[in-house]
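In: Show me how the following folds:
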Amino acid sequence: MTVPDPIPMVRCRLDGSDDLPGRTLRYIPLAEFGLWQYLMEHRHLRRVTVEEVSVWIAEQAALWNSGYVGEDLEPVLRVQFAKAGPQGEPILMERYFPAETYPEAQEALLHHSENSSCQRLSATPGYFVPAHIHQARSLVAMA
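Out: Below is the predicted model of the structure:
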């Protein structure tokens, strides 16, 4: 069994109500972050605050003996689904949600995609690894 490569990820927050800080937390793949940030700030008029840039790793049995301590990992689900495109062709989508708010996020995602027929929804458990933990582990692995 091969372990998938870590996905570079940005942990950030959207401006919003202090009453529900979990709802403002976002995990965005680094490759998409610039465009996503631009859309949030210019189209939706929401300020984005970057907290940390590190990696997301899928939960796999091989990782349990990796040297990561459970308290250091932030549970984040990767959700993959196909959404019907303008002419009915499936468009593959991928989003990341904090595990604690996933049920609410899933409802919103399904409701938002109601008209466009969200198909084949699957969730993969994984973790956002804070940068100082990931970097320390990478240095040990290179030694």
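In: Who are the contact partners of the residue most central in space within the chain?
Out: Closest residue to the average C-alpha location of the chain: residue 96 at 2.5 Å, with C-alpha atoms, centre = their mean. Taking C-beta atoms under 8 Å, 6 or more residues apart in numbering, we find residue 96 in contact with 9, 26-29, 56, 76-79. All C-beta spots, glycine's among them, are computed from the backbone N, C-alpha and C.
In: now these as CSV including pLDDT, distance to residue 130 and neighbour count?
Out: Converted to CSV, the contacts of residue 96 look like this (pLDDT from 0 to 100; distance: C-beta to C-beta, whole Å; neighbours: other C-beta atoms under 10 Å):
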residue, pLDDT, distance to residue 130, neighbour count
9, 97, 11, 23
26, 93, 16, 19
27, 96, 12, 20
28, 97, 16, 20
29, 97, 17, 16
56, 94, 11, 23
76, 94, 12, 24
77, 93, 18, 23
78, 93, 18, 19
79, 90, 22, 17
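In: secondary structure class for the residue nearest to the centre of the chain?
Out: strand (DSSP: H, G, I helix; E, B strand; the rest coil).
In: ok, back up a step: adding distance to residue 15 and secondary structure as columns, could you present the contacts of residue 96 in JSON lines?
Out: Formatted as JSON lines, the contacts of residue 96 follow (distance: C-beta to C-beta, whole Å; DSSP: H, G, I helix; E, B strand; the rest coil):
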{"residue": "9", "distance to residue 15": "20", "secondary structure": "strand"}
{"residue": "26", "distance to residue 15": "12", "secondary structure": "strand"}
{"residue": "27", "distance to residue 15": "17", "secondary structure": "strand"}
{"residue": "28", "distance to residue 15": "15", "secondary structure": "strand"}
{"residue": "29", "distance to residue 15": "21", "secondary structure": "strand"}
{"residue": "56", "distance to residue 15": "23", "secondary structure": "strand"}
{"residue": "76", "distance to residue 15": "21", "secondary structure": "strand"}
{"residue": "77", "distance to residue 15": "24", "secondary structure": "strand"}
{"residue": "78", "distance to residue 15": "25", "secondary structure": "strand"}
{"residue": "79", "distance to residue 15": "24", "secondary structure": "strand"}
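In: Much appreciated, bye for now.
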